[in-house]
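Asks: Okay, here's the prediction I keep looking at, along with the sequence it came from:
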Amino acid sequence: MRKIAIALLAGSLLSMPLTGCSDEATAVTPAPIAMTDDAVGHYCQMYVLDHGGPKAQIHLKGFEQPLWFAQVSDAVAYMHDKERTADVLAVYVSDMEKAVSWGEPGVENWVGADRAFFVTGSRQMGGMDAPEAIPFGTREAAETFVRREGGSIVTFDAIPEEYVRPQAAMNIEGVQQQPMHGHGS
């Protein structure tokens, strides 16, 4: 009986993942998931597929479902957010090279944001009528888009916060402040 117990224990130990000396389990990068009609934008709370242009999904540690973004610029703004507390496991963006059209960016044509080439400053506005960081899976596709629509090619980490959140670049001191009046003034 003792030999059977030892064999069972050894078998279960062999099937356990190795984690090293640390108590922290190694985070596995989740794969992108297909966008459905139920995907709602993290900021706008609107159905993501109701808007044209590229989309984004951000996977966070401890959450089964990703955060969805109706435009890539919103995902970039989220990544710049200093109040964000959850660990980001993966960021995926629509590969517009594989999109059927601007109005149909696709539900499964995702590319890792760290591998994509983004066009900023083009004439093409995003799905929410704001400047967009338009992702492509290859540099050649991004260059073709730039020749047609203008703009510059950058990497995900080079998209400045000021591009996706223009108010971050505003000079607050230059804004005329209205005095607040209390009761009885």
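Replies: Perfect, thanks for sending it.
Asks: Show residues contacting the longest strand seen in the chain.
Replies: Identified as the longest strand of the chain according to DSSP state E is strand 88-94. The contact list for strand 88-94 (CB atoms under 8 Å, 6 or more residues apart in numbering) reads 27-30, 32, 54-61, 66, 72, 75, 79, 105-106, 109-114, 116, 135, 156. Yep, even glycine has a C-beta here, placed from its N, CA and C like the rest.
Asks: 7 Å instead?
Replies: The contact list for strand 88-94 (CB atoms under 7 Å, 6 or more residues apart in numbering) reads 27, 29-30, 32, 54-61, 72, 75, 79, 105-106, 109-113, 116, 135.
Asks: Just the residues you listed: which are in helices?
Replies: If you go by DSSP state H, the contacts of strand 88-94 have 72, 75, 79 in helices.
Asks: just those now: which is nearest Tyr163?
Replies: Set against Tyr163, the nearest of the ones in helices among the contacts of strand 88-94 by CB to CB is Val72 (11.0 Å).
Asks: Do I have it right that the closest one meets Ala130?
Replies: No - the pair Val72 / Ala130 is not scored as a contact, 10.7 Å apart, by CB atoms under 7 Å.
Asks: more crowded one of the two?
Replies: The residue with more neighbours, out of Val72 and Ala130, is Val72; 29 against 14, by other CB atoms under 10 Å.
Asks: so which strand or helix has the residue lying closest to Asp74 once chain neighbours are set aside?
Replies: Once flanking residues are discounted, Asp74 sits nearest to Tyr43: 5.3 Å by CB to CB, 6 or more residues apart in numbering. If you go by DSSP states H and E, Tyr43 is not part of any helix or strand.
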